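Asker: Kindly generate the corresponding structure for this input.
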Amino acid sequence: MAADSEPESEVFEITDFTTASEWERFISKVEEVLNDWKLIGNSLGKPLEKGIFTSGTWEEKSDEISFADFKFSVTHHYLVQESTDKEGKDELLEDVIPQSMQDLLGMNNDFPPRAHCLVRWYGLREFVVIAPAAHSDAVLSESKCNLLLSSVSIALGNTGCQVPLFVQIHHKWRRMYVGECQGPGVRTDFEMVHLRKVPNQYTHLSGLLDIFKSKIGCPLTPLPPVSIAIRFTYVLQDWQQYFWPQQPPDIDALVGGEVGGLEFGKLPFGACEDPISELHLATTWPHLTEGIIVDNDVYSDLDPIQAPHWSVRVRKAENPQCLLGDFVTEFFKICRRKESTDEILGRSAFEEEGKETADITHALSKLTEPASVPIHKLSVSNMVHTAKKKIRKHRGVEESPLNNDVLNTILLFLFPDAVSEKPLDGTTSTDNNNPPSESEDYNLYNQFKSAPSDSLTYKLALCLCMINFYHGGLKGVAHLWQEFVLEMRFRWENNFLIPGLASGPPDLRCCLLHQKLQMLNCCIERKKARDEGKKTSASDVTNIYPGDAGKAGDHLVPDNLKETDKEKGEVGKSWDSWSDSEEEFFECLSDTEELKGNGQESGKKGGPKEMANLRPEGRLYQHGKLTLLHNGEPLYIPVTQEPAPMTEDLLEEQSEVLAKLGTSAEGAHLRARMQSACLLSDMESFKAANPGCSLEDFVRWYSPRDYIEEEVIDEKGNVVLKGELSARMKIPSNMWVEAWETAKPIPARRQRRLFDDTREAEKVLHYLAIQKPADLARHLLPCVIHAAVLKVKEEESLENISSVKKIIKQIISHSSKVLHFPNPEDKKLEEIIHQITNVEALIARARSLKAKFGTEKCEQEEEKEDLERFVSCLLEQPEVLVTGAGRGHAGRIIHKLFVNAQRAAAMTPPEEELKRMGSPEERRQNSVSDFPPAAGREFILRTTVPRPAPYSKALPQRMYSVLTKEDFRLAGAFSSDTSFF
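Answerer: Sure thing, here's the model as predicted:
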């Protein structure tokens, strides 16, 4: 049985011809896509306006189909137009030729400067392209091309689609398309020829006309006239007599506070090379007929000077090297470096001589030693002396990344108080070049989270940027930062305020480094005030008997108040009145002081009556009307401690600690205790200033809304005010009540300090010392971007370019979003820097064009305005029409540019010398044509003829040709009548 079954299986085979083949499926998919996109039937639009191909909006839809396993992408390109209601005219439109055939003859949009190649070649407003989906794939064989073209033809016939359908063949770079468009009884074939070299007989108009006529094969004896549009493009590359105005920076110059030809605090600007590489002049003859002009291999009437239309476009140098962009980019590169300052400069420069470890505890122990005599006059040599001494141990002075001249100049720029007779106070010094503090530009630091443009942080960022670019790169940055940190320690130890920082607590709108420097300044301010307070209290104690100390204190307070009023604008916040003469650092001995205070006050704390016997201390001034509820004594406002200033990282730490306490009752109680340190301090001060007071008295001063007063009628019938604490104050185990019960009557000057300036200053100095150059660059990058934006705005205001103004606004809004995040992504930062560089290049291009067209040299105001308008259009538009063509003002300038370039190329003498030459023959010998050979020649030939028979319908025929040095292309659209042939 097995032997019998074998031949049966070999012979039995059926081919089912009713199933669809791959080709049929492909055609079906094409039809499906055309139906989905509703491209069926005729939809006539309005006649196209002039220039609409460039100014209008083009949109496209894509889909993917496959022929067996070969994938194609189908794309519908169309110009967005207002829809017109044509429903009532359907009967009239039955025999009208398709819209695309009518567009072949349209003359309003020849040679669009920016459009799809098929739009330029055929003048179409709508078309569909089928191309291989993968970029590397290509349809190369003729049989496959014909198969695709057949598919297109069948799909168009089946669906009744009147939109041209193209197939891309050969390699993509060749831009070869064949296609078809079908209408009622008409068809247009789109064909193409592409050669590397132009055949000799077709290098001119007469040869191209021969091709066109032979292709049409018109049977009529007097051939209808052929309409011709011609464009010749000339390229100017050599800008003779127009040097690029940007001066290269002089890196060696260091005179009068200048480095690299720049003052410190000023950023460089401009392109290092000409950002305009070429000027393309297109001379156009839009409406010609073949009998009017002659253009053959012997003679041509096509003189560019005589062309009725001139248009110009400029070719921009790709990514020109720009100084500001390079400056910021190089600084940004530091962010990616991993090395610490010590690794870059050798062993730690913060070590003490002869010691191997530089621990922060040594700095703290050093503070308990007798203070050194303060130096009243700062000098640069004093500033850098310590650093130099420590660095010299590890390397020679000549090996230092920064030489002394550069370093001294930078330090003087950062610390201008170093040359004055006495140090300036810590307030910011306003520079004439900086914008006023109310202006929008000045307040940019709020958006960028950088620092004010007249602050020390901002100046430091610019100096580090300049050092990185011109002097020693990363090593120079590390060296300057090391000097800066040493200077900060010097100022802390010697009570010199840091210049260029606004007084007051750290501004949380600024970058963290700026906040840290402000915090250090707060510490210096407190330390300075405390040290001065010691001196005054020591001198007072010698003149007053110990028994009268309390009274003396009472007399002294108003005087101190007057001083603090003048100096700080805030009453009673100075440490002058708090410091004791005996101890150098009160907080170190605060526990024993508390014990001593308790001993003095033991037995006196039975109740308000006993408390009332205490001597009042730490009074600031009497409150206006309020009196104590129990004894009717006037209520005195006490001298209180200022709350501790905090930077954003400290606030974060604190919030994390509080969050970790959890939501339990015990955690909530502990959290409240931690947050009420300032409240407890103020209660103690209040008790000391107002003996015999109660919690109600404190609340009336501290939180008046929590003391509710009501009018009631007493026993005698009189209306009196009766007050009581608010509901939240009466809650059992209320924090305020607990704090009031634990508070002792201790004046602010004898309390434990809320703000330990010594510890906080050492924390800041340690934080600064451990910053790597990469960390430093991250901190200061917002300042550098802020400075770059201000520089771009300043330069733009000189040129007044509307498009640049919009881009700058976009950069500011984009930067403010990115820089407000704690750790912005590198990619987003690079985007911002790239945008700034682009704007810089735009402004440089504007300057380059203004120099070339000599806008400043124009004597007539009208001509100057026209030229400036022309230059701004060149920057913003892809192509600009030259008013008056070669005879207009701009046209004459362009002509002169070409003439000079031609003469320079041919090494002929300039025009003035030619005039001096005697005979006309000599002049003719030395003369050169005004324009170089055309870089590109474009011809559009159009006509309307019956085809293929004399009795066929007259249909549009069009052929576009472009001739360049290495390219010859013919794109023809030939229509024929499919009803009468």
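Asker: use CA for all of it now, contacts and neighbours both
Answerer: Noted.
Asker: Could you list the domains of this protein?
Answerer: Segmentation of the chain into domains, based on the TED database, reads 24-80+95-217+946-975, 223-345+404-415+443-529+771-907+928-940, 622-756.
Asker: Tabulate those (CSV), appending mean neighbour count.
Answerer: Formatted as CSV, the domains of the chain follow (neighbours: other Cα atoms under 10 Å):
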stretch, mean neighbour count
domain 24-80+95-217+946-975, 18
domain 223-345+404-415+443-529+771-907+928-940, 19
domain 622-756, 16
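Asker: Redo those domains as a markdown table? Include distance to Pro616 and mean pLDDT.
Answerer: Converted to a markdown table, these look like this (distance: least, Cα to Cα, whole Å; pLDDT from 0 to 100):
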| stretch | distance to Pro616 | mean pLDDT |
| --- | --- | --- |
| domain 24-80+95-217+946-975 | 83 | 91 |
| domain 223-345+404-415+443-529+771-907+928-940 | 24 | 84 |
| domain 622-756 | 5 | 75 |
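Asker: Export those domains as CSV, with columns for distance to Leu614.
Answerer: Listed next are the domains of the chain as CSV, based on distance: least, Cα to Cα, whole Å:
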stretch, distance to Leu614
domain 24-80+95-217+946-975, 87
domain 223-345+404-415+443-529+771-907+928-940, 29
domain 622-756, 6
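Asker: among the ones you listed, which is nearest Glu762?
Answerer: The minimum distance between Glu762 and the domains of the chain falls on domain 223-345+404-415+443-529+771-907+928-940, with 8.7 Å, by Cα to Cα.
Asker: start to end distance for the closest one?
Answerer: 18 Å (Cα to Cα, to the nearest Å).
Asker: give the contact list for the residue nearest to Asp930 when sequence neighbours are not counted.
Answerer: In space, not counting the residues next to it along the chain, Asp930 is nearest to Val899; the distance is 4.8 Å by Cα to Cα, 6 or more residues apart in numbering. Residues near Val899 by Cα atoms under 8 Å, 6 or more residues apart in numbering: 929-931.
Asker: Quick check: of those, which lies closest to Glu859?
Answerer: Among those, Asp930 lies closest to Glu859 (Cα to Cα), at 26.0 Å.
Asker: quick one, what contacts the closest one?
Answerer: If a contact means Cα under 8 Å, 6+ apart, then Asp930 has 895, 898-899, 902 as its contacts.
Asker: and if you look at Leu464?
Answerer: Contacts for Leu464 (Cα under 8 Å, 6+ apart) come out as 477, 480.
Asker: Just checking the distance from the helix or strand encompassing it to the centre of its chain.
Answerer: Secondary structure assigned from DSSP states H and E places Leu464 in helix 456-470. Counting by Cα atoms, centre = their mean, to the nearest Å, helix 456-470 is centred 19 Å from the centre of its parent chain.
Asker: SS state for the closest residue in space to Gln237 that isn't next to it in sequence?
Answerer: Nearest residue to Gln237, sequence neighbours excluded (Cα to Cα, 6+ apart): Glu278, at 4.8 Å. Look at Glu278: counting by DSSP: H, G, I helix; E, B strand; the rest coil, its state is strand.
Asker: ranges for the helices of the stretch 751-900 of the chain?
Answerer: Residue ranges of the helices in the stretch 751-900 of the chain, as given by DSSP state H, counting those that start in this stretch, are 757-769, 773-799, 802-819, 826-853, 861-876, 889-906.
Asker: tell me what the fourth one is packed against?
Answerer: Applying 3 or more Cα pairs under 8 Å, 6 or more residues apart in numbering; DSSP states H and E, we find helix 826-853 packed against strand 276-289, helix 323-334, helix 773-799, helix 802-819, helix 861-876, helix 889-906.
Asker: got these as a markdown table, with distance to Met488 columns?
Answerer: Converted to a markdown table, the helices and strands packed on helix 826-853 look like this (distance: least, Cα to Cα, whole Å):
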| stretch | distance to Met488 |
| --- | --- |
| strand 276-289 | 48 |
| helix 323-334 | 23 |
| helix 773-799 | 15 |
| helix 802-819 | 27 |
| helix 861-876 | 49 |
| helix 889-906 | 59 |
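Asker: which one of those lies closest to Ser73?
Answerer: Nearest to Ser73, of the helices and strands packed on helix 826-853 and by Cα to Cα, is helix 861-876 at 33.4 Å.
Asker: and the angle from the closest one to helix 826-853?
Answerer: Going by axes from the mean of the first three to the mean of the last three Cα atoms, to 10 degrees, helix 861-876 is angled at 150 degrees with respect to helix 826-853.
Asker: C-alpha coordinates for helix 861-876, PDB please?
Answerer: Coordinates of the C-alpha atoms in helix 861-876 are reproduced here as PDB (Å, rounded to 0.1, in the frame of the first residue of the first chain):
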ATOM      1  CA  GLU A 861      17.900 108.100   5.300                       C
ATOM      2  CA  GLU A 862      15.400 106.400   3.000                       C
ATOM      3  CA  GLU A 863      18.100 104.200   1.300                       C
ATOM      4  CA  LYS A 864      19.500 103.300   4.700                       C
ATOM      5  CA  GLU A 865      16.100 102.200   6.000                       C
ATOM      6  CA  ASP A 866      15.500 100.200   2.800                       C
ATOM      7  CA  LEU A 867      18.800  98.500   3.100                       C
ATOM      8  CA  GLU A 868      18.300  97.700   6.800                       C
ATOM      9  CA  ARG A 869      14.900  96.200   6.000                       C
ATOM     10  CA  PHE A 870      16.400  94.200   3.100                       C
ATOM     11  CA  VAL A 871      19.200  92.800   5.500                       C
ATOM     12  CA  SER A 872      16.600  91.800   8.200                       C
ATOM     13  CA  CYS A 873      14.500  90.100   5.500                       C
ATOM     14  CA  LEU A 874      17.600  88.100   4.300                       C
ATOM     15  CA  LEU A 875      18.000  86.800   7.800                       C
ATOM     16  CA  GLU A 876      14.400  85.800   8.300                       C
END
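Asker: Quick check: the residue lying closest to Leu288 once chain neighbours are set aside vs Gly160, distance?
Answerer: The shortest distance from Leu288 to any residue other than its chain neighbours is 4.9 Å, reached at Ile228 (Cα to Cα, 6+ apart). Relative to Gly160, Ile228 is positioned 32 Å away (Cα to Cα).
Asker: Ok, Leu680 next?
Answerer: 90 Å.
Asker: And Ala688, by the same measure?
Answerer: Counting by Cα to Cα, the gap between Ala688 and Gly160 amounts to 100 Å.
Asker: now do Ile843
Answerer: 53 Å.
Asker: next one: Val657
Answerer: Distance, Val657 to Gly160, using Cα to Cα: 75 Å.
Asker: What of Pro616?
Answerer: Remark: distance between Pro616 and Gly160 (Cα to Cα) = 104 Å.
Asker: now do Phe686
Answerer: If you go by Cα to Cα, the gap between Phe686 and Gly160 works out to 95 Å.
Asker: Spatially nearest residue to Pro401, not counting backbone neighbours?
Answerer: The shortest distance from Pro401 to any non-neighbouring residue, by Cα to Cα, 6+ apart, is to Gly476 (5.1 Å).
Asker: Okay then, goodbye and thanks.
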